[in-house]
Structure formats: C-alpha cells, structure tokens
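Student: sequence and predicted structure, then a few things I'm wondering about:
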Amino acid sequence: MEHIQNLDPVSVVIGTSVRMLPGGRLEITCRAAGIPEPSISWLRQNKQITSSGRFSIINTTLVIYPTELDDRGSFTCAANNTLGRQTYSTKVDIIG
C-alpha cells in the first residue's frame, strides 16, 4: 500500500510502503502481542531511535515531524520478549 499526500499527517501500520513530500508528519504504528507482553523499539540502519529532535515515540508509534529528504529508507519495529524477537519494516520514500 502506498500513500502520497501533501502536508497532511500520514499514518500507516508497520510493513507498508510510504511515499510523501518533505515537511509532513509521518506516524508509523507497530502492533505486537504476546505473553509476556513484548517491548517495542525502533531502529534505522541498525541503530536505535530515541525520542529527540524530529523523532518522537508515543506508545508503539514512531512520529517523524517534519519529514526530510534524509528520512528515505527503512524504519524497523522490533518486538522483544523473553521468548524471542520479531522485526518488521516500513520503507519510506520522501519525494521532492
């Protein structure tokens, strides 16, 4: 599934592809369930993303605002618990 929007917020679930213009707000939600309940972390180029600057993590959602051309690439959600780890990625294409 692809989204192309101007500066309206774009919200997607992890695993989809996104195309949007720079300057907008992108929200990528990761949903994971398990026993024990998994913790969620976000990665970009194998480095953990923390809430700072243009990046915010709200519950299990990664928010990027405003998006920039340098945000092109994959963002990965990692769900971890004592029984294992699962990862899912979203490909982001900032056009402009």
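Tutor: Sure, I can see it. Numbering: from 1, shown residues only.
Student: all helices of this structure, in order?
Tutor: Defined through DSSP state H, the helices belonging to the chain form an empty list.
Student: pull the helix or strand with minimum mean pLDDT from it.
Tutor: Within the chain, confidence by mean pLDDT, DSSP states H and E is lowest for strand 10-13 among all helices and strands, at a mean of 90.
Student: and for that one, what's in contact with it?
Tutor: If you take Cβ atoms under 8 Å, 6 or more residues apart in numbering as the criterion, strand 10-13 is touched by 1, 3, 18, 20, 24-31, 90. (Glycine included, C-beta is placed from N, CA and C.)
Student: switch the cut-off to 10 Å
Tutor: Contacts to strand 10-13, defined as Cβ atoms under 10 Å, 6 or more residues apart in numbering, come from residues 1-4, 18-21, 24-31, 61, 63-64, 67, 77, 88, 90, 92.
Student: okay, buried residues for it please.
Tutor: Of all the residues in strand 10-13, those buried under the rule 16 or more other Cβ atoms under 10 Å are 10, 12.
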